[in-house]
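Student: Next one to model:
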Amino acid sequence: MAEKIEYKSTGRRKNSVARVRIMPGEGKVTVNKRPFENYFPREVHRLIIMQPIDLVVAKLSGKIDIFATVSGGGSSGQAGAMRQGIARALVLMDAALKDSVKKAGYLTRDSRMRERKKYGRKRARRRFQYSKR
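Tutor: I've put the predicted structure just below:
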């Protein structure tokens, strides 16, 4: 019996972590055991996630299955984490893709995090409304 080769990687963005597995298949994308379209109802998030695959579309379109487990943060952070995880897994699968994926910026961890709340403020920088009288 032929063993299916799978490539595993991790992506992170804000407080989200995505563990991604890619393997040869028919182009299915599954997130937390749910169909991709159900987990990410917004088209923008689906486009963000598919960016690394669209970059190397000639070789891989519809030929790999993606299984992801995402946790933490919100939907935008999870989409960004999945994008990084998929890009890293593609590089593991084919080292020749590294230059194009890196040039597009999909391998770089987005270091922007939420600023902490400060005392005497409503949020990090938002102040309470000033009352003159």
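Student: in the chain, which helix or strand is least confident?
Tutor: For the chain, scoring each helix and strand by mean pLDDT, DSSP states H and E identifies helix 57-60 as the least confident one, at a mean of 62.
Student: And the next helix or strand after it, what does it pack against?
Tutor: The C-terminal neighbour of helix 57-60 among helices and strands, as given by DSSP states H and E, is strand 64-71. When contacts are defined as 3 or more Cβ pairs under 8 Å, 6 or more residues apart in numbering; DSSP states H and E, strand 64-71 sits against strand 16-24, strand 29-31, helix 75-93. In short, each C-beta sits where N, CA and C put it, glycine included.
Student: Bridge partners for Val31, pull those for me.
Tutor: Val31 has the following beta-bridge partners by DSSP bridges: Arg34, Ala68.
Student: Check the gap between it and Met50 for me.
Tutor: 12 Å (Cβ to Cβ, to the nearest Å).
Student: Also Arg34?
Tutor: For Arg34, the distance to Met50 - Cβ to Cβ - is 17 Å.
Student: For these two, indicate the residue with more neighbours.
Tutor: A count of neighbours by other Cβ atoms under 10 Å puts Met50 above the other of Arg34 and Met50, at 19 against 10.
Student: What residues are bridge-paired with the closest residue to Gln84 other than its chain neighbours?
Tutor: Leaving aside its sequence neighbours, Gln84 sits nearest to Gly11 (Cβ to Cβ, 6 or more residues apart in numbering; 3.2 Å). Applying DSSP bridges to Gly11 gives these bridge partners: Ala18.
Student: number of nearby residues for Gly11?
Tutor: Under the neighbour criterion other Cβ under 10 Å, Gly11 is assigned a count of 28.
Student: need the contact list for it.
Tutor: Residues near Gly11 by Cβ atoms under 8 Å, 6 or more residues apart in numbering: Val17, Ala18, Val20, Gly80, Ala81, Met82, Arg83, Gln84, Gly85, Ile86, Ala87, Arg88.
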